[in-house]
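**Student:** okay, sequence plus prediction incoming.
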Amino acid sequence: MNKSNILFRLLCLLSVVIMGFAQHALAKGEQAFTVDAGEVVITPARCPPDSCVITRAKISGKFSASFARDNMRIYFPRSDLSTSPDVSFQLPLDPMLDEGGTVRDIGFEFDGTQLDFKGSVDSRAFDGPLIEYKISATVSEMEFSARGFFTARPDLRKCVSPLCGGYWVKKVNRRMTRCADGTIQRECYVASIQWPGSEFGPVIQHNAPLLLKGKIIPREYPNFGNLGAFIAKAAYRPASTNVPRGRFYGIQNNGIVCITSPCFSFDQYLLNSRRQQTISSFDLSRAGAGEKEIDMAMKILANGGVLLGSGKNVREKGLAGVGRKFLASQFYLPLRR
């Protein structure tokens with residue numbers, strides 16, 4: 001190996017180390033926030049006079065922010081927001097960075113607990129939209145909890161309600177589940193599900209069950225006794241009609257950057273347990289999902305979120321060793337109203 005190749009490799013390694021320190025410093029300075037109130041307004045670049053269709057959407061969810069030392073600049077390393085109606089809006093990493101003809105601006109106030117800001121992303125110079133957003137948020141915890149995940153499928157038995165017609169729920173990665181009456185069963189019947197926010201309409205449209213985060217509680221029904229209910233904090237729809245196989249996991253990008261493979265750049269959480277490990281790659285192609293669903297999954301990971309799915313891990317040979325790849329049989333996307 002000649003001197004130029006050795007020098008090039010040393011420079012690459014040094015850049016990775018520097019990048020790792022920078023990412024660690026940024027993560028250390030991050031603060032997590034929960035949106036209390038927010039709105040995004042999208043105005044098209046070109047439209048006929050007096051007939052411009054402006055889209056307004058409410059914002060909810062969580063994000064993280066970090067501040068420059070002089071507190072004159074703010075950054076959004078992670079953005080896990082939902083909009084109603086869904087306009088696929090996420091906060092820009094640098095909300096004051098102008099690039100490629102796009103002009104960004106933001107103003108904010110932060111008192112240590114409450115963060116209020118108004119920003120804009122203007123792409124009208126190149127026929128893109130004007131995006132204006134405002135958010136009021138409070139400091140919160142953004143750590144992912146792998147506890148409290150269940151599958152839910154409709155009860156299709158034909159008998160009088162609420163004895164039938166509810167849902168069958170089961171704790172994932174567990175052989176048995178504790179039901180509302182205290183018994184331990186392979187699957188528990190609940191007469192109703194209390195959804196996050198409000199009723200979602202048609203609950204299950206696929207052969208595959210929903211994935212819910214929440215808990216089973218006792219609930220008495222007049223003349224029928226305790227049939228139980230499920231309190232859902234979050235709901236996720238399957239990306240396809242595939243039956244989920246294997247174990248259920250959450251996957252999150254951990255920010256590690258490598259110059260060779262395998263690169264263990266994803267954290268993997270085994271749902272309903274404390275087990276956590278790193279994986280080098282994942283494959284969604286066997287989940288039977290369409291291009292739109294796969295794009296949504298990639299956006300979740302790109303924005304620092306956790307992608308939920310079922311499947312198995314396999315060994316994968318890389319240039320510098322053996323990695324660990326997650327093969328998904330099914331993955332899940334947040335269920336929107």
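**Tutor:** Okay, I see it.
**Student:** so which residues of the stretch 151-300 of the chain form helices?
**Tutor:** Counting by DSSP state H, counting those that start in this stretch, the stretch 151-300 of the chain has helices at residues 291-302.
**Student:** which residues in it form strands?
**Tutor:** Along the stretch 151-300 of the chain, counting by DSSP state E, counting those that start in this stretch, strands occupy 167-171, 177-178, 184-185, 188-190, 192-194, 210-217, 220-221, 225-226, 229-238, 247-253, 266-270, 276-279, 281-283.
**Student:** can I get the ones you listed in a markdown table with distance to F108?
**Tutor:** C-beta here means a position set from N, CA and C on the backbone, and glycine is covered the same way. Output for these, formatted as a markdown table (distance: least, C-beta to C-beta, whole Å):
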| stretch | distance to F108 |
| --- | --- |
| strand 167-171 | 42 |
| strand 177-178 | 45 |
| strand 184-185 | 50 |
| strand 188-190 | 44 |
| strand 192-194 | 35 |
| strand 210-217 | 31 |
| strand 220-221 | 49 |
| strand 225-226 | 50 |
| strand 229-238 | 28 |
| strand 247-253 | 26 |
| strand 266-270 | 30 |
| strand 276-279 | 34 |
| strand 281-283 | 35 |
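**Student:** quick one: closest of those to T34.
**Tutor:** strand 229-238 (13.1 Å; C-beta to C-beta).
**Student:** list the strands paired with that closest one, with their directions.
**Tutor:** strand 192-194 (parallel), strand 210-217 (antiparallel), strand 321-334 (antiparallel) (DSSP bridges).
**Student:** between that strand and helix 291-302, how big is the angle?
**Tutor:** 110 degrees (axes from the mean of the first three to the mean of the last three C-alpha atoms, to 10 degrees).
**Student:** give me the number of residues near C263?
**Tutor:** Using other C-beta atoms under 10 Å, C263 is surrounded by 16 other residues.
**Student:** per-residue pLDDT, it?
**Tutor:** C263 carries a pLDDT value of 93.
**Student:** distance of it relative to G148?
**Tutor:** 31 Å (C-beta to C-beta, to the nearest Å).
**Student:** the strands of the stretch 151-300 of the chain: which one's closest to V121?
**Tutor:** Across the strands of the stretch 151-300 of the chain, closest to V121 is strand 247-253 (C-beta to C-beta), at 23.0 Å.
**Student:** report all helices and strands that that closest one contacts.
**Tutor:** Strand 247-253 is packed against strand 266-270, helix 291-302, strand 307-318, with contacts defined by 3 or more C-beta pairs under 8 Å, 6 or more residues apart in numbering; DSSP states H and E.
**Student:** just put the ones you listed in CSV and tack on distance to G61, mean pLDDT and mean neighbour count.
**Tutor:** Formatted as CSV, those follow (distance: least, C-beta to C-beta, whole Å; pLDDT from 0 to 100; neighbours: other C-beta atoms under 10 Å):
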stretch, distance to G61, mean pLDDT, mean neighbour count
strand 266-270, 19, 95, 19
helix 291-302, 12, 92, 15
strand 307-318, 15, 95, 18
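**Student:** make JSON lines out of these and add distance to A65.
**Tutor:** Listed next are the helices and strands packed on strand 247-253 as JSON lines, based on distance: least, C-beta to C-beta, whole Å:
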{"stretch": "strand 266-270", "distance to A65": "21"}
{"stretch": "helix 291-302", "distance to A65": "17"}
{"stretch": "strand 307-318", "distance to A65": "22"}
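**Student:** can you say which of the ones you listed is nearest to A180?
**Tutor:** Per C-beta to C-beta, nearest to A180 of the helices and strands packed on strand 247-253: strand 307-318, 24.5 Å.
**Student:** chain center to that closest one, what's the gap?
**Tutor:** 18 Å (C-alpha atoms, centre = their mean, to the nearest Å).
**Student:** neighbouring strands - and their directions - for it?
**Tutor:** In the sheet, strand 307-318 lines up against strand 247-253 (antiparallel), strand 321-334 (antiparallel) (DSSP bridges).
**Student:** which stretches of the stretch 1-150 of the chain form strands?
**Tutor:** For the stretch 1-150 of the chain, strands defined by DSSP E, counting those that start in this stretch occupy the ranges 31-43, 55-67, 74-84, 103-110, 114-122, 130-139, 149-154.
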